[in-house]
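Structure here, sequence nowhere to be found:
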């Protein structure tokens, strides 16, 4: 596929506008967490532990709200899902700038609940605008744009807040988030195939038709189907836990009960993707903390921007290469690479060495995000895809929420080297377990096919 895939994706003006608006919308979001922490510590004169409570409240709100907002996108479309966030941002962020600490905790929870569903909206829109054969490239492009924003947003937000104070910056964030949401409302990208031009009139556009035939753009033949991609037929029956005729009655009953508790689209494969998403943010949060702690210990905090830049640059390079690939890579394999490449960062004893190792460790980062989004779009039906992507956002949030305190304890107890090992090791462990479970499921599916 190569770079031609990027040119073909960007040839669509709707996609160009969507990626650009998403970048603008993410800039204030990338700075919000650090600015809120600075506000608690610098303006309200509270401890970092107190700032952690505010961050936790916001995280809980986002984890609870993400699936709900995704379901709104599925049922009612983009505008009904986004306008509450537009109103909440312009009201809550300026209000939080003047609230006392106890009220700020509650407001942060509500603000997280109504956070702008940028990830869900952009990824679901790309899933209907872009043919299956190009979706990997489109998701990689979105991940690259996200990494570019992270290179700038946090540094600018913290720098301005340090110079002029956190109150005006928080007011600005509220206005900027609301304005970005308004741009999304005006753009109103399609989130369902029936919104793509030409469907209503009976003419199926190429982008829609390609969703069904999944052509191989390199060889002009259908791409081989992954067994997990089949939504119906023999494998769907074979992978249904209630159809396990070889398990004990108690095991079959337990699986059937679990199936009733979960939504119908929440298959074992989707749970694996969510686990990979959680593991990715856990590794990234641990690495983030370890880099900061190592530079503080070495008296090189001023070089933090350089190391972060090379880390993000590695992620961008990896995403460009992955997006140009013709074949997908299992998200668990990419997560394993992320975990394994993170551990050697403990060997760095200078800023240049840390920057080089951070570049290498960042190579699989955005690729994992791309692969998980691609997998969700491939195996979840369109009418439930927004909710599934909302749950993926929750998985990202939970990984961050769990990783920060747990790896913070490791960091306090043993130092940065242990945090690198723990973060990379946790990601690698999740990946190995996921690969073993996936191998077992494929073996079970093959055995089940023989029974038909």
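Received the coordinates, thanks. Small disclaimer: the values here were computed from a predicted structure and weren't measured.

Which SSE is immediately downstream of the strand or helix carrying residue 307?
Secondary-structure element containing residue 307, defined by DSSP states H and E: helix 304-323. Sequence-wise, the next helix or strand downstream of helix 304-323 (DSSP H and E) is helix 331-342.

Distance from the chain centre to the helix or strand just after that next one, please.
Downstream of helix 331-342, the first helix or strand assigned by DSSP H and E is helix 351-362. For helix 351-362, the gap between its own C-alpha mean and the chain's C-alpha mean amounts to 23 Å (Cα atoms, centre = their mean, to the nearest Å).

now do stretch 184-196
Centre-to-centre, stretch 184-196 and its host chain are 21 Å apart (Cα atoms, centre = their mean).

do stretch 377-395 as well
11 Å.

Stretch 342-354 now?
Using Cα atoms, centre = their mean, the offset of stretch 342-354 from its chain centre is 26 Å.

try stretch 115-134
Distance of stretch 115-134 from its chain centroid, counting by Cα atoms, centre = their mean, is 12 Å.

now do the same end-to-end measure for it.
29 Å (Cα to Cα, to the nearest Å).

I'd like the mean pLDDT over that stretch, please.
Stretch 115-134 carries an average pLDDT of 84.

now do stretch 14-30
87.

contacts for stretch 277-285?
Under the contact criterion Cβ atoms under 8 Å, 6 or more residues apart in numbering, stretch 277-285 has outside partners 331, 335, 338-339, 342, 365, 368-369, 372, 392, 395-400, 402-404, 407, 423-424, 426-427, 430-431. For every residue, glycine as well, the C-beta is placed using N, CA and C.

Check stretch 404-416 too.
Outside stretch 404-416, the residues that touch it by Cβ under 8 Å, 6+ apart are 52, 55, 282, 285-286, 289-291, 293-294, 297, 346, 418-419, 422-423.

contact partners of stretch 87-98?
Under Cβ under 8 Å, 6+ apart, the answer for stretch 87-98 is 36, 39, 104, 107-108, 110-111, 114, 116, 166-167, 170-171, 173-175, 177-178, 181.

and these, which are buried?
By neighbour count, with 16 or more other Cβ atoms under 10 Å, the contacts of stretch 87-98 hold 36, 39, 104, 107-108, 110-111, 114, 116, 166, 170-171, 173-174, 177-178, 181 as buried.

if we can go back for a sec, for residue 160, state which of the contacts of stretch 404-416 is nearest.
residue 55 (19.8 Å; Cβ to Cβ).

and that closest one, that's in a strand?
No. Read with DSSP: H, G, I helix; E, B strand; the rest coil, residue 55 is helix and lies in no strand.

can you list the weak-confidence ranges in the stretch 351-452 of the chain?
For the stretch 351-452 of the chain, residues meeting the criterion pLDDT under 70 lie at 444-452.

quick one, helices of it?
351-362, 365-379, 382-414, 416-450 (DSSP state H, counting those that start in this stretch).

who wins for proximity to residue 319 among those?
Of the helices of the stretch 351-452 of the chain, nearest to residue 319 by Cβ to Cβ is helix 365-379, at 3.7 Å.

just to revisit the earlier point, show me what the helix holding residue 307 packs onto, helices and strands only.
helix 132-164, helix 268-297, helix 351-362, helix 365-379 (3 or more Cβ pairs under 8 Å, 6 or more residues apart in numbering; DSSP states H and E).

who touches whichever helix or strand comes after the longest one?
I take that to be helix 132-164. Under the assignment DSSP H and E, the closest C-terminal helix or strand after helix 132-164 is helix 166-187. The set of residues external to helix 166-187 that reach it, using Cβ under 8 Å, 6+ apart, is 17-18, 21, 24-25, 27-29, 31-32, 35-36, 38-39, 42-43, 78-79, 82-83, 85-87, 89-94, 96-98, 116, 118, 121, 157, 160-161.

in stretch 373-382, what's buried?
Within stretch 373-382, the residues scored as buried using 16+ other Cβ under 10 Å are 373-380, 382.

ok, of those, which one's closest to residue 147?
residue 373 (14.2 Å).

Could you pull up the contacting residues of that closest one?
Contacts of residue 373 by Cβ under 8 Å, 6+ apart are 123, 139, 142, 389, 392.

other SSEs contacting the strand or helix carrying residue 58?
Assigned by DSSP H and E, residue 58 belongs to helix 48-76. Other elements packing on helix 48-76 under the criterion 3+ Cβ pairs under 8 Å, 6+ apart are helix 13-38, helix 78-96, helix 101-113, helix 118-129, helix 382-414.
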